[in-house]
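> what's the 3D shape of this:
(chains A, B, C and D)
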Protein chains: 2
Amino acid sequence: MNQKKIHIALVDDHSLFRSGIANLLREFNDIKVVFEAANGKELQEILTEKKEVDVILMDINMPLIDGYLATSWVKKRYPKIHVLALSMFDDDIAVIKMLKAGAGGYILKESKPQELYRAINEIKEKGIYLNELVSGKMLKDFQKSKSLLIKENLLSEREIEFIKLCVSELTYKEIAEAMNLAPKSVHNYREHLFLRLKLRSRVGLVMFAIKNKLVDID
Amino acid sequence: MNQKKIHIALVDDHSLFRSGIANLLREFNDIKVVFEAANGKELQEILTEKKEVDVILMDINMPLIDGYLATSWVKKRYPKIHVLALSMFDDDIAVIKMLKAGAGGYILKESKPQELYRAINEIKEKGIYLNELVSGKMLKDFQKSKSLLIKENLLSEREIEFIKLCVSELTYKEIAEAMNLAPKSVHNYREHLFLRLKLRSRVGLVMFAIKNKLVDID
DNA sequence: ACAAAAAAAGGTAAAAATACCTTTTTTCAA
DNA sequence: TTGAAAAAAGGTATTTTTACCTTTTTTTGT
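Numbers count the residues shown, from 1 in each chain, chains lettered A, B, ... in the order given. As a prediction, this is how the structure comes out:
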């Protein structure tokens, strides 16, 4: 067993829940809860004073500063501190957002104490704790499919070709050349798409293309 | 045990490797290799004829049509067929690209037969097989950090604010209002950034912002 | 308190993007 | 084969973007 205990911070707006967790963690003698905070704001205040924390157990829905913002804030300033998201809900978007914000894992509040304990240890050791809940959702997010517009062929091949070319620094004149069209024809494509997609600028079209996975920009 | 065997297709440009795998899979009597292909092109040809495949074991580096394209093609036309990427290399980008293309899992060619067998079964049952290799890389990709430009404060707060506003359909005039600046000042920001980032259009700036995770566009 | 640097604002002109139309050509289904 | 629809091309005008400058104001380090 390690000499040093794992230092935990609890961030959750329900004091009763915090107490419950703190009490539960007291069972494990290599874990020590060093402080609690009722929300992200409070966490920020405390963290600027006390920094000897290894893992923060972070709720998501909290007043003032929520779990996403708090996690981003923590990871930016104290990258060595690990964050384990602890949430009531098995919600796809919440999981993805917390991971993107920098959380190393995500477990449900209804998990068994043993899973929490294991998660804390893995996060402390490897920085990440990935269960099936999380990795499945990550893959889903990776593979999230194109929008209906695309799937149902509401855009022609040629329109898609045009849109892809728009996601670049080419001018429309250059796009026309690339498509072997007169500049005027390219303007037809643009206007037609602007009308149908309710856009008012090329940047809008670019954002549409990226959102709908017509292009991959990485 | 299931009545029906799991139907496997092997796609790899090394015939010897295919034979090896085929031979190995013969050990498992709930698995049947229904055909082999030397590359994505060949797979496409065979697949338009024979469709009774459950899982395709797909190599990545192949001539004519590689594993990424072949996987996209398969998942678009036959979404029920699962793809398990089978690669020589533990390469971050390759893993991510295969998963984004639609693969349900990724294992190394140096894996033990038992892992391959387990992967095939899980893919067949759940559509996904995620080992630590893969889920770790997914998280890394999620959390991949901002570029040095951003990290090292080579962009001012105000510049970042400006860039974020550029990722929208606002005109520069409107951006100026939003930033409480004269239109001319906004043009200074633009020109300064264009110069430093070697850009020639706002779309370029938008792509820069997305690539560097200044904005999240989903 | 001062010089230097950065931010904000302005001038002018050209190129590109946007809007709103019409006409010609091609495609394709009835 | 014909006629309706879609694609391609053109006309014209306005707004926006881009480029290349200068000047004024504010910030900042010393």
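> count of residues packed around residue A:45?
10 (other C-beta atoms under 10 Å in any protein chain shown). All C-beta spots, glycine's among them, are computed from the backbone N, C-alpha and C.
> who's in contact with it?
Applying C-beta atoms under 8 Å, 6 or more residues apart in numbering or on different chains to residue A:45 gives the contacts residue A:37.
> please identify the helix or strand for it.
Using DSSP states H and E, residue A:45 maps to helix A:40-47.
> how distant is that helix from the center of its chain?
Counting by C-alpha atoms, centre = their mean, to the nearest Å, helix A:40-47 is centred 21 Å from the centre of its parent chain.
> same for whichever helix or strand comes after that helix, what does it pack against?
Next helix or strand after helix A:40-47 toward the C-terminus (DSSP H and E): strand A:55-58. Secondary-structure packing of strand A:55-58 (3 or more C-beta pairs under 8 Å, 6 or more residues apart in numbering or on different chains; DSSP states H and E): strand A:6-11, helix A:67-77, strand A:82-87, helix A:113-126.
> also compute the angle for the helix holding residue A:45 relative to strand A:6-11, please.
140 degrees (axes from the mean of the first three to the mean of the last three C-alpha atoms, to 10 degrees).
> what average pLDDT does helix A:40-47 get?
Averaging pLDDT along helix A:40-47 gives 95.
> buried residues in it?
Within helix A:40-47, the residues that count as buried by 16 or more other C-beta atoms under 10 Å in any protein chain shown are A:40-44, A:46-47.
> on that earlier part again, could the helices and strands packed on strand A:55-58 go into TSV alongside mean pLDDT?
Output for the helices and strands packed on strand A:55-58, formatted as TSV (pLDDT from 0 to 100):
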stretch	mean pLDDT
strand A:6-11	97
helix A:67-77	93
strand A:82-87	97
helix A:113-126	96
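> neighbours of residue A:169, how many?
13.
> where does it sit: helix, strand or coil?
coil (DSSP: H, G, I helix; E, B strand; the rest coil).
> now do the contacts for it.
B:199-201, B:203-204.
> from these, which would you call buried?
B:199, B:203-204.
> which one of the residues you listed is nearest to residue A:174?
For the buried ones among the contacts of residue A:169, the minimum distance to residue A:174 (C-beta to C-beta) is 12.1 Å, reached by residue B:203.
> I'd like the distance between the closest one and residue B:174.
17 Å (C-beta to C-beta, to the nearest Å).
> again with residue A:4
From residue A:4 to residue B:174 the distance is 54 Å (C-beta to C-beta).
> go on, residue A:95?
35 Å.
> cool, and residue A:137?
37 Å.
> who's more crowded, those two?
Relative neighbour count places residue A:137 above the other of residue A:137 and residue B:174, with 20 against 14, counting by other C-beta under 10 Å.
> would you mind giving the domain segments of chain A?
Annotated domains of chain A cover A:6-142, A:148-211 [automatic domain parsing].
> residue of chain A nearest chain B, please.
Nearest to chain B, among the residues of chain A, is residue A:135, at 3.9 Å (C-beta to the nearest C-beta).
> hmm, that residue is touching residue B:135, no?
Yes - Residue A:135 lies in contact with residue B:135 (C-beta atoms under 8 Å); the separation is 3.9 Å.
> export the helices and strands packed on strand A:55-58 to JSON lines and tack on distance to residue B:26 and mean neighbour count?
Shown next, in JSON lines, are those (distance: least, C-beta to C-beta, whole Å; neighbours: other C-beta atoms under 10 Å in any protein chain shown):
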{"stretch": "strand A:6-11", "distance to residue B:26": "49", "mean neighbour count": "23"}
{"stretch": "helix A:67-77", "distance to residue B:26": "49", "mean neighbour count": "20"}
{"stretch": "strand A:82-87", "distance to residue B:26": "45", "mean neighbour count": "25"}
{"stretch": "helix A:113-126", "distance to residue B:26": "38", "mean neighbour count": "17"}
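> okay, the ones you listed in TSV with distance to chain B next?
Shown next, in TSV, are the helices and strands packed on strand A:55-58 (distance: least, C-beta to the nearest C-beta, whole Å):
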stretch	distance to chain B
strand A:6-11	19
helix A:67-77	8
strand A:82-87	11
helix A:113-126	9
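> so which of these is nearest DNA strand C?
With C-beta to the nearest atom of the strand as the criterion, DNA strand C lies closest to helix A:67-77 of the helices and strands packed on strand A:55-58, at 20.5 Å.
> just checking, what packs against that closest one?
helix A:40-47, strand A:55-58, strand A:82-87, helix A:92-101.
> next, report how far that helix is displaced from the centre of its chain.
Counting by C-alpha atoms, centre = their mean, helix A:67-77 comes out at 11 Å from the chain centroid.
> ok now stretch A:51-59, how far from the chain's centre?
Taking mean C-alpha positions (C-alpha atoms, centre = their mean), stretch A:51-59 and its chain are 18 Å apart.
> rewinding a little: let me know the secondary structure of the residue of chain A closest to chain B.
Strictly by three-state DSSP, residue A:135 counts as helix.
> what's the neighbour count on it?
Neighbours around residue A:135, by other C-beta under 10 Å: 19.
> residues in contact with it?
B:130, B:134-135, B:138.
> buried members of those into ChimeraX, please.
Only the buried entries of the contacts of residue A:135 go into this ChimeraX selection, using 16+ other C-beta under 10 Å:
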select /B:130,134,135,138
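> dump the contacts of residue A:135 into TSV; add distance to DNA strand D and pLDDT as well.
Shown next, in TSV, are these (distance: C-beta to the nearest atom of the strand, whole Å; pLDDT from 0 to 100):
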residue	distance to DNA strand D	pLDDT
B:130	41	96
B:134	40	95
B:135	40	95
B:138	35	95
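> so which residues on chain A come close to chain B?
A:96, A:99-100, A:102, A:104, A:128, A:130, A:132, A:134-136, A:138-139, A:142-143, A:166-169, A:171, A:199-204, A:206-207, A:210-211, A:216-218 (C-beta under 8 Å from any C-beta of the partner chain).
> so what touches stretch A:9-22?
A:33-40, A:42-43, A:46-47, A:53, A:55-59, A:61-63, A:67, A:70, A:86, A:109, A:116.
> show me the shaky parts of chain A.
A:1-3, A:145-153 (pLDDT under 70).
> do that again at 50, thanks
Applying pLDDT under 50 to chain A flags the ranges A:2.
> which positions in it make contact with DNA strand C?
A:171-173, A:187-188, A:190-191, A:194, A:200-203 (C-beta under 7 Å from any atom of the strand).
> quick one on the thing from earlier: which among the contacts of residue A:169 gets closest to DNA strand C?
Closest to DNA strand C, out of all of the contacts of residue A:169 and judged by C-beta to the nearest atom of the strand, is residue B:201, at 6.2 Å.
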